[in-house]
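> Fold the following for me, if possible:
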Amino acid sequence: MKKFLAEFKQFIARGNAMDMAVGVIIGGAFTSIVTSLNKDIITPILAIFGGVDFSNLVLKMGSGENAPILCYGSFITAVINFVITAFIIFCLVKGINKVTSFRKHEEVKEVTEKECPYCMSKISIKATRCPHCTSELK
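Numbering: from 1, shown residues only. Model prediction:
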């Protein structure tokens, strides 16, 4: 049991678990923004062109007051929310990857050459003697 708890503590303490928790919290907040974007802006615009507000589309299954109602318009709205959310997250990840790749290219440029103080030619940073003028380097 102690080993299990120690493993769990190690899992929680790792950066990946904390990053995931922060991502879930931010994702929850971001979902409400996208839902509002869809409900308050995109759906009314689509209703202008299509003449339909998806959130009001229902199918009454049966007759009578207690007949079940299938709210397929809400499902269509949820699918649109998902597609918009996925697209925005895709754009964010693509942008972050592009910025990260610029940073990686800068880090990769490590110094591999130096200048010989005697003949001023480019030589390997590990050289102890210049291959051009044969001067001994410090």
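> which stretches of the protein have low pLDDT?
Filtered on pLDDT under 70, the chain yields the residue ranges 12, 15, 47, 49-53, 103-109.
> again, only this time at 90
When residues are selected by pLDDT under 90, those of the chain lie in 1-67, 69-93, 95-112, 124-129, 132, 134-138.
> all strands for it, in order.
Secondary structure of the chain (DSSP state E): strands located at 59-60, 69-70, 113-115, 122-124.
> List the buried residues of the last one.
It refers to strand 122-124. residue 123 (16 or more other C-beta atoms under 10 Å). (Each C-beta comes from the backbone N, C-alpha and C, glycine too.)
> what helices or strands is it leaning on?
Counting by 3 or more C-beta pairs under 8 Å, 6 or more residues apart in numbering; DSSP states H and E, the packing neighbours recorded for strand 122-124 are strand 113-115.
> Could you pull out the buried residues of the strand it packs on?
Buried residues in strand 113-115, counted by 16+ other C-beta under 10 Å: none are found.
> before we move on, what about stretch 128-138?
Buried residues in stretch 128-138 (16+ other C-beta under 10 Å): residue 130.
> For that stretch, C-alpha coordinates in CSV please.
Once non-C-alpha atoms are left out, stretch 128-138 reads as follows in CSV (Å, rounded to 0.1, in the frame of the first residue of the first chain):
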residue,chain,number,x,y,z
THR,A,128,44.7,22.7,-30.1
ARG,A,129,46.8,23.5,-33.2
CYS,A,130,45.7,25.6,-36.2
PRO,A,131,45.7,23.3,-39.4
HIS,A,132,46.5,26.4,-41.5
CYS,A,133,49.4,28.1,-39.8
THR,A,134,50.3,25.2,-37.4
SER,A,135,50.3,27.6,-34.4
GLU,A,136,49.7,26.1,-31.0
LEU,A,137,46.5,27.3,-29.5
LYS,A,138,45.6,27.7,-25.8
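> could I get the strands of the chain as CSV with distance to residue 32?
As requested, the strands of the chain are exported to CSV (distance: least, C-beta to C-beta, whole Å):
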stretch, distance to residue 32
strand 59-60, 28
strand 69-70, 25
strand 113-115, 54
strand 122-124, 58
